[in-house]
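Participant: could you work out the structure for the sequence below:
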Amino acid sequence: LHLLDRLLASPHFGERWGRHWLDAAGYVDVTGTDNDAGIIRQGENKWKYRDYVVRALNDDKPFDRFLLEQLAGDELVDWRTASHFTPEIQELLVATGFMRTAADDTDENELNTMDIRYGVLHRTIEVVAGNLLGLTLGCAKCHDHKYEPITQRDYYRFQALFQPAFNPQQWLQPKERQLAEIPLAQKAAFEKENATVRQQIESLKKRKDEIAKAAAAADTKARLAECDQQTRALERQLKSWGHVQAVYDVGAPTPTHLLRRGQHDRPGAEVPPGFLSALSLPAVEGKFLAAPGAGKTSGRRLALARWLTDAPTAANNLVLRVRVNRVWQHLFGKGLVATSENLGVTGAKPSHPELLDWLADEFRGNGQRLKPLLKLLMSSTAYRQASRVDETRSAAARKIDPDNDLLWRMRLRRLESEIIRDAVLTASGKLDRTVGGAPIPVESRPDGTFVVKEQGLPTPSSPWRRSL
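Facilitator: Numbers count the residues shown, from 1 in each chain. Presented below is the predicted three-dimensional model:
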């Protein structure tokens, strides 16, 4: 237990378990797709969301709050009219990077087309549904789901919750979607000041050109040096600020239409925003959708977040089961539901349904905090079993349960490549354990390999950073 307490308190705990969450969310540090290495590049400021996840898990933030911030952090505070961005406001805006993980190539102007915009919107809602609800929602984009109780109408009602932020008609390319880490009024004031300074710099450049043309003057060199000095002084006056990749409503909600066969150019009937019918009652749905968000926002994603986290709704019960099942999977090598991404009709049946229910209740009872759940599972007899098989003593168990579904021994687990790399670096004494910050730049080579870019590294030990 002392060992568990030490490991759970480690600043590297959030890196290890944050990686699991980021994998389920589909997060990568870069933009672009694997079909063209030439367009793969670092996603500007995406890493701030990655660091948010690590901090939240190190702080053992309750899971319901964790989801609320990621789905609707921008709707929890009126950041648009704030005179000062507190650390809380900045954190809430960064958290919405959760919904910026779907591949978005619309930064390339030739790919900023209506079909690709809709593709980003659809991938976003499908990633959210698969990660949090363990449902194959995407099958209902073109028709009623063939196996699950999800209608095509449900799909587009669910889409309507996200559409004010990802409106194909009022689309923002990724760079445009970035938010300044300072209030809007302060940013406007800084931009006005910068414009004035830049005008002065342009005037100095023109003056410098005029001096250079009159090269016969004796004091030409001194006058040029004075211009350069004044230019540098003005450049130091230019204001700068950081940015975050956030999600927020880009305008007033526009109508959402059911798309025939999922095609954006074949709109059908208009549908209102709503939840999945099989997991919601009309009265419950109306209660959440009627509650407003903070500031100039539709409040739709906030309604979704509260529906998913409010106990004891059917949706919240499913969310907690999906969460504890994924935790079990990481510890035991296989979830109590083997298809952790699909807890629906077409997914695997739970091997221990009562245990899954009990763990979800325990998780809720402990404030939806991850560390107590991990301590409970890792101190259990089931987790502390040996994986080595005694042929004499285990013959009967092997005959009755050859797949070890009843957990009569510990499963062998395959190490991830990141762990093997970090173990090699640790043995060599080179591992850099620095936590957080921008990703280490890499470059693609003609032979198809990716290597650390040697120029512009933050520190000499940057190539040996821990894998995340």
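Participant: now the strands for the chain?
Facilitator: 30-31, 41-42, 178-180, 243-245, 256-259, 267-271, 442-444, 450-452 (DSSP state E).
Participant: now render those strands as TSV, adding mean pLDDT, distance to residue 125 and mean neighbour count.
Facilitator: Placement of C-beta: from N, CA and C, glycine included. Listed next are the strands of the chain as TSV, based on pLDDT from 0 to 100; distance: least, Cβ to Cβ, whole Å; neighbours: other Cβ atoms under 10 Å:
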stretch	mean pLDDT	distance to residue 125	mean neighbour count
strand 30-31	80	20	16
strand 41-42	79	26	14
strand 178-180	91	21	19
strand 243-245	92	18	20
strand 256-259	95	11	19
strand 267-271	95	14	13
strand 442-444	83	31	14
strand 450-452	86	31	11
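Participant: can I get the ones you listed in CSV including distance to residue 205?
Facilitator: Formatted as CSV, the strands of the chain follow (distance: least, Cβ to Cβ, whole Å):
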stretch, distance to residue 205
strand 30-31, 35
strand 41-42, 31
strand 178-180, 28
strand 243-245, 28
strand 256-259, 51
strand 267-271, 52
strand 442-444, 34
strand 450-452, 38
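Participant: what's the closest of those strands to residue 117?
Facilitator: Nearest to residue 117, of all these, is strand 256-259, at 12.8 Å by Cβ to Cβ.
Participant: can you show me the helices along the stretch 351-468 of the chain?
Facilitator: Secondary structure of the stretch 351-468 of the chain (DSSP state H, counting those that start in this stretch): helices at 353-365, 370-378, 391-400, 417-428.
Participant: go through the strands of the chain and name the closest to residue 436.
Facilitator: That would be strand 243-245 among the strands of the chain, by Cβ to Cβ, at 14.5 Å.
Participant: ok, residue 158 - contacts?
Facilitator: 125, 129, 137, 274-276 (Cβ atoms under 8 Å, 6 or more residues apart in numbering).
Participant: swap in residue 145?
Facilitator: 136, 139, 151.
Participant: try 7 Å
Facilitator: Listed by Cβ atoms under 7 Å, 6 or more residues apart in numbering, the contact set of residue 145 reads residue 139.
Participant: just residue 329 next, same as before
Facilitator: Applying Cβ under 7 Å, 6+ apart, the residues near residue 329 are 335, 340.
Participant: swap the cut-off to 10 Å and go again
Facilitator: Each residue near residue 329 by Cβ atoms under 10 Å, 6 or more residues apart in numbering is listed here: 20, 335-338, 340.
Participant: and residue 290, by the same measure?
Facilitator: Residue 290 touches 299, 303, counting by Cβ under 10 Å, 6+ apart.
Participant: relative to residue 68, how far out is it?
Facilitator: 18 Å (Cβ to Cβ, to the nearest Å).
Participant: what do you get for residue 86?
Facilitator: From residue 86 over to residue 68 (counting by Cβ to Cβ), the distance is 17 Å.
Participant: quick one, grab the pLDDT at the residue positioned nearest the centre of the chain.
Facilitator: Centroid-nearest residue in the chain: residue 98, 2.7 Å away (criterion: Cα atoms, centre = their mean). With respect to pLDDT, residue 98 has a value of 96.
Participant: how close does the residue nearest to it when sequence neighbours are not counted sit to residue 19?
Facilitator: Closest residue to residue 98 apart from its sequence neighbours, by Cβ to Cβ, 6 or more residues apart in numbering: residue 70 at 3.6 Å. Residue 70 sits 16 Å away from residue 19, going by Cβ to Cβ.
Participant: just want to know which of these two has more residues nearby.
Facilitator: Between residue 70 and residue 19, residue 70 has the larger neighbour count (other Cβ atoms under 10 Å), namely 26 against 21.
Participant: residue 97 is in contact with the more buried one, correct?
Facilitator: Yes. With contact defined as Cβ atoms under 10 Å, residue 70 reaches residue 97; the gap is 7.9 Å.
Participant: what touches both of the two?
Facilitator: Residues touching both residue 70 and residue 97 by Cβ under 10 Å, 6+ apart: 25, 49, 52-53, 247.
Participant: in JSON lines, list the residues you listed along with distance to residue 225.
Facilitator: Below are the shared contacts of residue 70 and residue 97 laid out as JSON lines (distance: Cβ to Cβ, whole Å):
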{"residue": "25", "distance to residue 225": "54"}
{"residue": "49", "distance to residue 225": "46"}
{"residue": "52", "distance to residue 225": "47"}
{"residue": "53", "distance to residue 225": "51"}
{"residue": "247", "distance to residue 225": "49"}
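Participant: quick one: which of these is nearest residue 106?
Facilitator: Scanning those for proximity to residue 106, where the rule is Cβ to Cβ, the winner is residue 247, at 14.5 Å.
Participant: counting neighbours, what do you get for that closest one?
Facilitator: When neighbours are counted by other Cβ under 10 Å, residue 247 registers 26.
Participant: can you give me the helices for the stretch 151-300 of the chain?
Facilitator: Per DSSP H, counting those that start in this stretch, the stretch 151-300 of the chain carries helices over the ranges 152-162, 174-177, 184-213, 220-237, 282-290, 300-309.
Participant: okay, now the unreliable bits of this protein?
Facilitator: Along the chain, segments meeting pLDDT under 70 span 32-39, 215-218.
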